[in-house]
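Need a 3D model of the following:
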Amino acid sequence: MREYQKSNPDADQEHLADVRSDLEKLIEAKLRMFPYDLRRVVHARIINVGGQDRIEAAALTAE
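Residues are numbered from 1 along each chain as shown. A predicted model of the protein is given here:
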């Protein structure tokens with residue numbers, strides 16, 4: 001959240017709380033769908049493909 005806040009200095013506490021809530025929901029969904037995939041997500045963005053929003057993510061495998 002610190003990095004998000006650095007990139008969005010005008011974001012108020014309510015907005016930051018909403019972003020944090022969304023991130024927590026994404027993490028829960030990832031763990032539910034891929035419980036054994038322990039890679040760390042290092043970048044993600046939302047893209048529109050065929051009229052549907054999708055999440056594109058880059059992950060890092062720690063050994």
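
what comes into contact with the one helix or strand I47 maps to?
Remark: I47 resides in strand 40-49, with elements defined by DSSP states H and E. Taking C-beta atoms under 8 Å, 6 or more residues apart in numbering as the criterion, the residues outside strand 40-49 that touch it are 30, 53-60, 62. Placement of C-beta: from N, CA and C, glycine included.

what about the strands in the chain?
Under the criterion DSSP state E, the chain carries strands at the ranges 40-49, 52-60.

Can I get those strands in CSV including mean neighbour count, distance to E3 and mean pLDDT?
Converted to CSV, the strands of the chain look like this (neighbours: other C-beta atoms under 10 Å; distance: least, C-beta to C-beta, whole Å; pLDDT from 0 to 100):
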stretch, mean neighbour count, distance to E3, mean pLDDT
strand 40-49, 9, 11, 86
strand 52-60, 10, 15, 87
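
between the strand holding I47 and strand 52-60, what angle do the directions make?
With axes from the mean of the first three to the mean of the last three C-alpha atoms, to 10 degrees as the basis, strand 40-49 and strand 52-60 are set at 160 degrees to each other.

next one: strand 40-49 to chain centre, how far?
Relative to its chain's centre, strand 40-49 lies at 7 Å (C-alpha atoms, centre = their mean, to the nearest Å).

so, if you compare the contacts of strand 40-49, which one comes nearest to D22?
When the contacts of strand 40-49 are compared for distance to D22 (C-beta to C-beta), I55 wins out at 11.0 Å.

For the closest one, which residues count as its bridge partners?
With DSSP bridges applied, I55 shows beta-bridge pairing to I46.

Let me know whether it touches K25 as I believe.
No - with the criterion set as C-beta atoms under 8 Å, I55 and K25 do not qualify as a contacting pair; they are 11.6 Å apart.

contacting residues for the most centrally placed residue in the chain?
The residue lying closest to the centre of the chain (C-alpha atoms, centre = their mean) is L23, at 4.9 Å. Taking C-beta under 8 Å, 6+ apart as the definition of contact, the neighbours of L23 are M1.
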